[in-house]
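1. How does the following fold in three dimensions:
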Amino acid sequence: MHAVELEQVSARYRSRNAPVEQQVDRLRDVSLSLDQGELCALLGPNGAGKSTLIRVIAGVLTPSQGSLALLGQPATELSRTDRARSVAVVPQRNEVSLGFTVREVVAMGRAPHQSGLLRVSRQDQDAVERAIATSRLDGLVDRPVAELSGGEQKRVHIARALAQAAPILLLDEAAAHLDIRHSIALYRLVREEVSARRLACLAAMHDLGSAAHFADRVVLLKAGVIVADGSVDEVMTPQLLTETFGTEIDVGSLPDGRRYVLPRI
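-> Next up is the predicted model:
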């Protein structure tokens, strides 16, 4: 059983100002599966449909055709609560929670597991403490999130998603606007959690180097269509990357075996 399985999914954003026949699919006939314990990097140029695919799996956008199953169950049969317990999302942009501390924001990840009265159980407390420790936020728990740096705020939102304890984790350009150090730290944290907790993680990324280093698998998306899907060695080749991004890209190995992926200037 795959954690996520899409079969011939197409999706579009509907506009009231345009007739249906003029609306264009942002995803076209996408078939993709994702397994637990797997970090899959979703790569492609701006407008390729990466965020659209993330939103379809998250339940924010309904496919115009095709099917989606989560943990072996058709997504259409899942309640909003069941879906929230199955899928955690870290979007590209997070609203800074004014007035809330780090601990309070991380604890918001437990909402799908609580009753309407939001009673906090011992399990909730343990999940929050583990997420805080894993995300290395121990020294910041009482700080207002709005006062933190961009890198620290990203770690808070990763921690919130981890506290949700969902088996499927979606990252939509989670490292956007971070410097190199914080970007690497974020993906290293995600890599560790995917391996330790057997999460199924789909990460839309711009950083080709981090994708080559941390991902188990890579999917290339262009104009809403999957053009390649496989291991890092199979997919991150100069030819495929150059064709996908429309600019020449060099791929090679350093003496210690690490890969480098650089645009040719």
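
2. got the end-to-end distance for stretch 244-252?
-> Stretch 244-252 has an end-to-end distance of 18 Å (CA to CA, to the nearest Å).

3. and it, how far out from the chain's middle?
-> Distance of stretch 244-252 from the chain centroid (CA atoms, centre = their mean, to the nearest Å) equals 23 Å.

4. Tell me the buried residues in it?
-> Under the neighbour-count criterion of 16 or more other CB atoms under 10 Å, stretch 244-252 has 244, 245, 249, 251 buried. Every residue, glycine included, has its C-beta placed from N, CA and C.

5. where does the stretch 101-250 of the chain dip in pLDDT?
-> Within the stretch 101-250 of the chain, the set of residues satisfying pLDDT under 70 comprises 116-118.

6. That one: strands as residue ranges?
-> With DSSP state E, counting those that start in this stretch as the criterion, the stretch 101-250 of the chain has strands at 168-172, 200-204, 217-222, 225-230, 249-253.

7. Tell me where this protein has helices.
-> 50-58, 80-86, 102-107, 122-134, 150-163, 180-197, 208-214, 232-235, 238-245 (DSSP state H).

8. Bridge partners for the residue nearest the centre of the chain, pull those for me.
-> For the chain, the residue lying nearest the average C-alpha position, counting by CA atoms, centre = their mean, turns out to be residue 171 (1.6 Å). Applying DSSP bridges to residue 171 gives these bridge partners: residue 90, residue 203.

9. Number of residues surrounding residue 121?
-> Burial measure for residue 121: 12 neighbouring residues, criterion other CB atoms under 10 Å.

10. oh sorry, the question was meant for residue 253
-> There are 10 residues near residue 253, going by other CB under 10 Å.

11. try residue 103
-> So residue 103, with other CB under 10 Å, has 18 neighbours.

12. for residue 60, same thing?
-> 12.

13. Residue 206 versus that one, what's the distance?
-> From residue 60 across to residue 206, the span is 21 Å (CB to CB, to the nearest Å).

14. check contacts around residue 228.
-> Residue 228 makes contact with 218, 219, 220, 234, 235, 240, 244 under the criterion CB atoms under 8 Å, 6 or more residues apart in numbering.

15. Show me which of these are buried.
-> By neighbour count, with 16+ other CB under 10 Å, the contacts of residue 228 hold 218, 219, 220, 235, 240, 244 as buried.

16. right, so of the strands of the stretch 101-250 of the chain, which gets closest to residue 143?
-> Comparison of these against residue 143 by CB to CB identifies strand 168-172 as nearest, at 23.7 Å.

17. contacting residues for the residue nearest to residue 195 when sequence neighbours are not counted?
-> Leaving aside its sequence neighbours, residue 195 sits nearest to residue 37 (CB to CB, 6 or more residues apart in numbering; 6.8 Å). Counting by CB under 8 Å, 6+ apart, residue 37 touches 194, 195, 198, 199, 200.

18. mind checking how far residue 37 is from residue 26?
-> In this view, residue 37 and residue 26 are 29 Å apart by CB to CB.

19. Ok, residue 160 next?
-> Going from residue 160 to residue 26 by CB to CB gives 27 Å.

20. Looking at these two, which one has more neighbours?
-> Using other CB under 10 Å as the criterion, residue 160 and residue 26 rank with residue 160 on top: 25 against 22.

21. how close does that one sit to residue 28?
-> 33 Å.

22. now do residue 92
-> Between residue 92 and residue 28 the computed distance is 22 Å (CB to CB).

23. Just want to know which of those two has more residues nearby.
-> More neighbours surround residue 28 than the other of residue 92 and residue 28, with 19 against 16 (other CB under 10 Å).

24. which residues touch the residue nearest to that one when sequence neighbours are not counted?
-> Using CB to CB, 6+ apart and skipping the chain neighbours, the partner closest in space to residue 28 is residue 224 (4.6 Å). By CB under 8 Å, 6+ apart, the residues touching residue 224 are 10, 25, 26, 27, 28, 30, 48, 49, 52.

25. tell me the contacts of the closest residue to residue 243 other than its chain neighbours?
-> In this structure, residue 243 finds its nearest non-sequential neighbour in residue 227, 7.4 Å apart by CB to CB, 6+ apart. Residue 227 makes contact with 220, 221, 240, 243, 244 under the criterion CB under 8 Å, 6+ apart.
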